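1. whatever this is, show me its structure:
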Amino acid sequence: MTFMSANGFAAATGIAEQVARRALARAACGKTWRGHTLPVVALDGRRGGASGKVWGLDLDKASPDLRVLLGLPETLPPTPVEPRLKTRPDDRHVVTAVDRQRIIGPMLAAPKGSHARAAAFRVAAAQQHKVGEGWARISKRTLREWVSRAEGGGVAALFPTARSDKGKVRVRITRAWQNGCGLASEVQDRIAEDLARTARGLILKGRSARETRRLASVELQRHSVAAGVTLPKAALARLCKLTGAWVARFAEMKAARDYTFDHKRYSDKHEYRVHRSLTREPMEVLMGDVHHADLSIADAMLSSFRALREAAGDAARQGRVTVRVS
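-> As a prediction, the model looks like this:
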């Protein structure tokens, strides 16, 4: 939001500063100024006047006529703002933001710099709070950061921020191997790529997830020794032990395996199918697909449907050997 103080309002309209303050205060009570409705808002962190509040003009909500009077452009220039969330917020983000607002509510209600606000910080920091799906103890530093965000941007500023490394692979193979092998990052990346190709090949050849994990662990030991790791054999085996989560990265290869070796499994588990049923409510629309099939005359004549038998007889008289049904 963009605000204009009483000083700026007085300079833009050519009136005295005291008159401008009085006009903004009257606008807060619902009164107009020279036929214009002044959208005013209390400025945070400032105190003064009879009500103890300092009023400013919210330029984002100003009417076109008022903007012309103040010498402002008809539309506000775009201000690039980097969103805190890199993706669309979901229910988890909303719940977290509401929980944070509930926790800092007593602090926001107390005046800035007061003993009441300091006491609210101490009480909140000494308790366990529910944030999102879990319970945690919040430090004073985090509480002050949340209060600062809320005072500057409201509850929208309390939404959790996206990780800077979101979407990136943070663990190449396993944390134990990555932190304990002692190899350079470039070497680790090369070994991870080779091991991923090995795992995809094993799954494509029909190996189970358990067997793939075992054989890939042996392959990782061989790569590590070739790269210069000099640990004892038993320690190296523990270090190179792979997890089911790593093998699950290559689950898409199961579809390629079934497509090559087991067409029935591929058709049952991987092909997309639409299941439809009759409508359950009156006036519902039943949508369906039409598939054509060619039946032999002999098969059609054995059908229990009279119309199909008659169509088969007509096709036979015309010299055809099949009849198309849909």
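
2. got the buried residues for stretch 215-235?
-> For stretch 215-235, the buried set under the neighbour-count rule, 16 or more other C-beta atoms under 10 Å, comprises Ala216, Ser217, Glu219, Leu220, Gln221, His223, Ser224, Val229, Leu231. Yep, even glycine has a C-beta here, placed from its N, CA and C like the rest.

3. repeat for stretch 173-185
-> For stretch 173-185, by 16+ other C-beta under 10 Å, it's Ile173, Thr174, Trp177, Gly180, Cys181, Leu183.

4. next up, the contacts around the first one.
-> What it means is Ile173. Under the criterion of C-beta atoms under 8 Å, 6 or more residues apart in numbering, the neighbours of Ile173 are Gln188, Ile191, Ala192, Leu195, Leu220, Leu242, Trp246.

5. between the two ends of stretch 99-107, how far is it?
-> 14 Å (C-alpha to C-alpha, to the nearest Å).

6. got the buried residues for that stretch?
-> So stretch 99-107, judged by 16+ other C-beta under 10 Å, has buried residues Arg100, Ile103, Ile104, Met107.

7. need those residues in a markdown table with pLDDT, can you?
-> Listed next are the buried residues of stretch 99-107 as a markdown table, based on pLDDT from 0 to 100:
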| residue | pLDDT |
| --- | --- |
| Arg100 | 89 |
| Ile103 | 91 |
| Ile104 | 91 |
| Met107 | 90 |
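
8. turn these into JSON lines, columns for secondary structure and distance to Leu143.
-> Shown next, in JSON lines, are these (DSSP: H, G, I helix; E, B strand; the rest coil; distance: C-beta to C-beta, whole Å):
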{"residue": "Arg100", "secondary structure": "helix", "distance to Leu143": "9"}
{"residue": "Ile103", "secondary structure": "helix", "distance to Leu143": "7"}
{"residue": "Ile104", "secondary structure": "coil", "distance to Leu143": "6"}
{"residue": "Met107", "secondary structure": "helix", "distance to Leu143": "7"}
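
9. hmm, back to that, filter the buried residues of stretch 173-185 down to the ones in strands?
-> The members of the buried residues of stretch 173-185 all map outside strands under DSSP state E.

10. what about the residues you listed, which are in helices?
-> Trp177, Gly180 (DSSP state H).

11. for Gln318, state which of the buried residues of stretch 173-185 is nearest.
-> Closest approach between the buried residues of stretch 173-185 and Gln318, by C-beta to C-beta: Ile173, at 68.4 Å.

12. got a pLDDT number for the closest one?
-> Confidence at Ile173, expressed as pLDDT, is 89.

13. phi, psi of it?
-> phi -130, psi -70 (degrees, to the nearest 10).

14. for Asp58, which residues count as its bridge partners?
-> Phe3 (DSSP bridges).

15. how much space between it and Val41?
-> 5 Å (C-beta to C-beta, to the nearest Å).

16. quick one, strands of the stretch 1-150 of the chain?
-> 3-4, 40-42, 55-58, 128-131, 134-137 (DSSP state E, counting those that start in this stretch).

17. likewise the stretch 201-326 of the chain?
-> 293-296, 322-325.

18. Ala23 against Val40, yeah?
-> No. Using C-beta atoms under 8 Å as the test, Ala23 is too far from Val40 to be in contact (9.2 Å).

19. out of the buried residues of stretch 99-107, which is nearest to Ser114?
-> Met107 (10.1 Å).

20. wait, what's in contact with the closest residue to that closest one other than its chain neighbours?
-> Using C-beta to C-beta, 6 or more residues apart in numbering and skipping the chain neighbours, the partner closest in space to Met107 is Ala120 (4.5 Å). Applying C-beta under 8 Å, 6+ apart to Ala120 gives the contacts Pro106, Met107, Ala109, Ala110.

21. which pLDDT value goes with the spatially closest residue to Ala255 that is not a sequence neighbour?
-> Among residues not flanking Ala255 along the chain, His270 sits closest, at 4.5 Å (C-beta to C-beta, 6+ apart). You'll see His270 listed with a pLDDT of 77.
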